[in-house]
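*Asks:* build the 3D model from these lines:
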Amino acid sequence: MRSIFVAMAILMALTTTNYAATDAAPERVTLAQLLKDPARYAQRTVRVTGRMDICGRFSCELCPEKIIPDTNEQQCLGLDFYDYQGAEFAIRRAFLFSTLTVDARFDPSCVTGTSDGSPPGAKADANKIESIVVCLDGPASLLDGRAVEVHSRRTSLSVEPGYRAKGALVAASANDDEHMRTALRLADVVAPGSETYPRVMLVAKPYPDANDPELADYGVACFCLTSVCTEWPKEWRPGSTSIIDPYHCYELVKREGEWRSTPYEW
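*Replies:* Predicted coordinates:
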């Protein structure tokens, strides 16, 4: 367990800003300012604060402390940490479910659909073809991010129920429980000495509006990091583990009726 926290300390040092005296300081802005006037800040290095509660395979989302519910207006921006690829799990563990300040280069392409941040058609020229940018699969607008300061941390259990959740996590049936434990042993993901710690097998139950029927073939195996755990994760959402959670979870998937351990730590 100590090795995990040592790795986190090294990672946070590598992803923390350290400017030389000759470097220009990033411009301090809010997420709302970037979204309101993206052209003004296009390709600038900015310093922005927000909460990071969601991470995907390619980027995380930086959101305001207080998210306005039931609105169609964009409130969050995708955040791509410096050297994110290949270190997704470590970065999630270091910063997920925290409020932090980051320095990053703002690329408005995925906000406005144009490379310079201007609205489509704003600079239309009859003699030129306008380029439209289409972003897919977890696009990031804050690039090469480096953490400046972590202001606070939360457990994953503190996230508002239903927030970006695709389904509930419910206790596995006796048959699934047995086969999930077998899959873990075959994949050799059980840490030595942890056999006596409490653990639980949970399977995903998609919400009706999730539009993701394959989610029913996923589950997680959670291990308590202490001798007692009174709560376990209740919902399935992308990247759901905080560094201060009392448990640690591994993802499993059912293929052709058999449970298998995936390479992903949940």
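
*Asks:* low-scoring stretches of the stretch 101-250 of the chain, by residue?
*Replies:* 115-134, 136-138, 189-197, 210, 238-239 (pLDDT under 70).

*Asks:* please enumerate the strands of it.
*Replies:* With DSSP state E, counting those that start in this stretch as the criterion, the stretch 101-250 of the chain has strands at 142-153, 167-171, 199-206, 218-224, 235-236, 247-255.

*Asks:* could you dump those strands into JSON lines with mean neighbour count and distance to residue 25 added?
*Replies:* In this view, the C-beta of every residue, glycine as well, is placed from N, C-alpha and C. Shown next, in JSON lines, are the strands of the stretch 101-250 of the chain (neighbours: other C-beta atoms under 10 Å; distance: least, C-beta to C-beta, whole Å):
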{"stretch": "strand 142-153", "mean neighbour count": "18", "distance to residue 25": "11"}
{"stretch": "strand 167-171", "mean neighbour count": "16", "distance to residue 25": "44"}
{"stretch": "strand 199-206", "mean neighbour count": "20", "distance to residue 25": "45"}
{"stretch": "strand 218-224", "mean neighbour count": "22", "distance to residue 25": "42"}
{"stretch": "strand 235-236", "mean neighbour count": "23", "distance to residue 25": "40"}
{"stretch": "strand 247-255", "mean neighbour count": "20", "distance to residue 25": "38"}
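
*Asks:* of all the ones you listed, which lies closest to residue 187?
*Replies:* For the strands of the stretch 101-250 of the chain, the distance to residue 187 is smallest for strand 247-255, at 8.4 Å, taking C-beta to C-beta.

*Asks:* who's in contact with that closest one?
*Replies:* 176, 180, 183-184, 189, 217-225, 229, 232-233, 240-241, 259-262, 264-266 (C-beta atoms under 8 Å, 6 or more residues apart in numbering).

*Asks:* for residue 61, which residues are in contact?
*Replies:* Residue 61 neighbours (C-beta under 8 Å, 6+ apart): 52, 53, 54, 55, 76, 77, 78, 79.
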